[in-house]
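Asker: Provided below for reference: sequence and predicted model.
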Amino acid sequence: MTDEPIIKFDKVVKRFGDLTVLNELDFEVKKGEKVSIIGPSGSGKSTVLRILMTLEDINGGVVTVGGEPLWHEKGPDGSLVPASEAHLRKMRTQLGMVFQQFNLFPHMTVLRNITEAPVRVLGLSKQEAKQRGEELLDLVGLADQARKYPHQLSGGQQQRVGIARALAMRPNILLFDEPTSALDPELVGEVLNVIGKLAEEHDLTMLLVTHEMRFAREISDRVCFFDQGRIREEGAPEDLFTDPNEERTREFLQAVLDN
Ligand SMILES: Nc1ncnc2c1ncn2[C@@H]1O[C@H](COP(=O)(O)OP(=O)(O)OP(=O)(O)O)[C@@H](O)[C@H]1O
């Protein structure tokens, strides 16, 4: 990990109609850092990831990824102007995302699900993409499932394919949006293990929105507690989970850990 932020939210505002979801959010993730975002439903956690994936725009502030503004670019006079589609497309290649509902293409084999974007977007040859896909399937423990279709796999296996697919574009930053919450409890462990293995790879920056406290505790360098579109408290998992400073964090943790 280095001290340089790879992700930076500077006073970011996001509104949906009258609802202010992010309220001048300041938030940073360092290169190589593994950060979990926890917090009550509706506090803006997934919105942070969706903004980074350029699935939602922003209403104020600046988001920087890899030192460059994401939603803005420099105009002719050096001032920031709204980003063009070409700029967003270029910036997007730095990030991969693992979705709660896997979002696999049902009509493609497991291997095609992984190789489709590298062939289409990066222009890899079919052979190169196949090799990359097979390596990634091996990494997530599914080397023998390449020719199956998603519906032939368990939820845990589908999510491991989702992780392999997100890695196929070789992103520097991997985002996880509640990656285990659609899974039966007995399948959570296998997905956590794969994510834990990735977390040991120091170069990869990981940002995880999770309701799985075990996950936040075991995998992250830092846990951020979101409340009403801001970070209410953050810290190392061993501090935040055992002795939070804020009453609001304590109540939240008590409620989720009692469940
Ligand atoms: N496209 C949208 N249009 C309108 N409102 C939205 C939209 N997306 C999100 N919201 C609202 O914004 C708020 C924050 O949503 P977000 O998904 O970021 O919360 P969250 O903290 O991830 O919650 P959860 O833990 O329930 O997933 C919620 O009140 C949600 O209903």
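Answerer: Ah, there it is. Source: prediction; values computed, not measured. Numbering: from 1, shown residues only.

Asker: Just give me the neighbour total for Gly78.
Answerer: 6 (other Cβ atoms under 10 Å). Just so you know, the C-beta spots here come from the backbone N, C-alpha and C atoms, and that holds for glycine as well.

Asker: With the ligand as the reference, measure out to Phe105.
Answerer: Distance, Phe105 to the ligand, by Cβ to the nearest ligand atom, to the nearest Å: 23 Å.

Asker: Tell me the secondary structure of that residue, please.
Answerer: Following DSSP: H, G, I helix; E, B strand; the rest coil, the label given to Phe105 is coil.

Asker: List the contacts of it.
Answerer: Going by Cβ atoms under 8 Å, 6 or more residues apart in numbering, Phe105 touches 112-113, 116, 150.

Asker: Mind doing that once more with 7 Å?
Answerer: Contact partners of Phe105, counting by Cβ atoms under 7 Å, 6 or more residues apart in numbering, are Asn113.

Asker: check which helix or strand covers His87.
Answerer: helix 85-92 (DSSP states H and E).

Asker: can you list contacts of that helix?
Answerer: For helix 85-92, the surrounding residues in contact (Cβ under 7 Å, 6+ apart) are 54, 65, 68, 70, 73.

Asker: How far does it sit from its chain's centre?
Answerer: 18 Å (Cα atoms, centre = their mean, to the nearest Å).

Asker: circling back to that earlier point, just the contacts of helix 85-92 now: which is nearest Leu174?
Answerer: Val65 (13.0 Å; Cβ to Cβ).

Asker: ok, that closest one touching Phe9?
Answerer: No - in this structure, Val65 is not within contact of Phe9 by Cβ atoms under 7 Å, at 10.2 Å.

Asker: related to what we said a few turns ago, hmm, which of the contacts of helix 85-92 are the buried ones?
Answerer: Using 16 or more other Cβ atoms under 10 Å as the burial test, the contacts of helix 85-92 include 54, 65, 70, 73 as buried.
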